[in-house]
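Novice: generate a structure from the sequence data that follows.
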Amino acid sequence: MTDFDDDETIAPLQPQGRRRTVLFDRALTVAGLLLAGASAIFPWYVFFNEDKFGINVAQADRTRDLPDWPARNVFSVSPLAMSNKNPHEKKPELPFDPLTTATISNIGTEDDKGTPAEDQPFPGKSGFRLLHVANGRALIEDPSGMYVVRVGSILPDESRLATLEQRDGKWVIVTSKGEVFQRD
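Specialist: Numbers count the residues shown, from 1 in each chain. As a prediction, the model looks like this:
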C-alpha cells in the first residue's frame with residue numbers, strides 16, 4: 001500500500017455563492033444595457049418634445065405705441081464743416097512766471113535741408129482701402145490689417161475720418177486732408 005491510495009473518494013468542494021455571483025453579474029449587465037439605451041434615446045426624446053424641456057418665454061405685447069410726431073430730417077454733415085457761431089470767450093491771461101526753470105534744445109527739430117522734421121510728409125500714398133460701411137462705422141484695410149473706424153478716428157495715413165457719405169449709391173469716406181476713398 002502507498003500513501004496515494006485512499007479508502008474512500010472525496011468529491012471536490014463546490015464554491016459556495018457561485019450562483020449568487022452569476023445572478024448579480026447578469027443583473028448588472030442588464031442594468032448597464034438599459035441605462036445605455038436610455039442615454040441614447042433621451043436626447044431624441046428631448047429633441048422631439050421641445051415644448052416640455054425648452055425655456056418658456058413670457059408672452060407679451062411685441063408692439064409699442066409711437067407718438068404721432070412728424071419725422072425728423074436726417075443730414076449727413078461733416079463735423080469739420082460745422083462752424084461755431086457762438087462768440088469766442090476771451091480766456092484770462094495766465095500770470096507770467098519770471099523764474100526760468102529749464103531750456104529746450106533745438107537739436108533734431110530741423111534736418112539738413114532746414115525744414116522742421118514734424119512737417120515732413122510720409123512717403124507714398126496712404127495705402128488703405130474702404131471695404132464696408134454699416135451703422136456709422138467703416139471697415140478699412142491696409143497692409144498691416146483691418147480696422148473699424150468712425151467719424152473722428154485716426155486713419156493709417158495720420159489723417160482723421162471726417163465723414164462717411166453715400167455718393168451715387170456708393171459709400172465713400174472723406175479724410176481731414178480732403179482725400180476721398182471709395183469702396184471698390
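Novice: and the host helix or strand of residue 163, which residues are buried?
Specialist: Using DSSP states H and E, residue 163 falls within strand 161-167. Under the neighbour-count criterion of 16 or more other C-beta atoms under 10 Å, strand 161-167 has 161-164 buried. For the C-beta atoms, the positions are set from N, CA and C on the backbone; glycine is no exception.
Novice: quick check: next helix or strand after that strand?
Specialist: Once the chain leaves strand 161-167, the next helix or strand it forms, by DSSP H and E, is strand 170-175.
Novice: what lies in contact with the next helix or strand after that next one?
Specialist: Using DSSP H and E, the helix or strand that follows strand 170-175 in sequence is strand 180-182. Identification of contacts with strand 180-182 by C-beta atoms under 8 Å, 6 or more residues apart in numbering yields 128-130, 140, 167, 170-175.
Novice: tell me the strands beside strand 180-182, with direction?
Specialist: Sheet pairing for strand 180-182, assigned by DSSP bridges, gives strand 170-175 (antiparallel).
Novice: could you dump the partner strand to CSV, C-alpha only?
Specialist: This file holds the C-alpha atoms of strand 170-175, laid out as CSV (Å, rounded to 0.1, in the frame of the first residue of the first chain):
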residue,chain,number,x,y,z
LYS,A,170,-21.6,104.0,-53.3
TRP,A,171,-20.1,104.7,-49.9
VAL,A,172,-17.1,107.0,-49.6
ILE,A,173,-15.0,108.3,-46.7
VAL,A,174,-13.6,111.7,-46.7
THR,A,175,-10.5,112.4,-44.6
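Novice: hang on, the earlier thing: can you list the contacts of strand 180-182 in TSV and add distance to residue 32?
Specialist: Converted to TSV, these look like this (distance: C-beta to C-beta, whole Å):
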residue	distance to residue 32
128	64
129	63
130	63
140	61
167	72
170	67
171	64
172	69
173	66
174	72
175	71
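Novice: from the residues you listed, which two are the most distant?
Specialist: Within those, 128 and 167 form the most distant pair, 18.6 Å apart (C-beta to C-beta).
Novice: next SSE after the helix or strand bottoming out on mean pLDDT in the chain?
Specialist: Between all helices and strands in the chain, the lowest mean by mean pLDDT, DSSP states H and E belongs to helix 50-53, at a mean of 81. Per DSSP H and E, the first helix or strand lying C-terminal to helix 50-53 is strand 129-134.
Novice: next, the buried residues of that next one.
Specialist: Neighbour-count burial for strand 129-134 flags 130, 133 (criterion: 16+ other C-beta under 10 Å).
Novice: what's the answer for stretch 173-184, then?
Specialist: If you call a residue buried by 16+ other C-beta under 10 Å, then stretch 173-184 has these buried ones: 173-176, 181.
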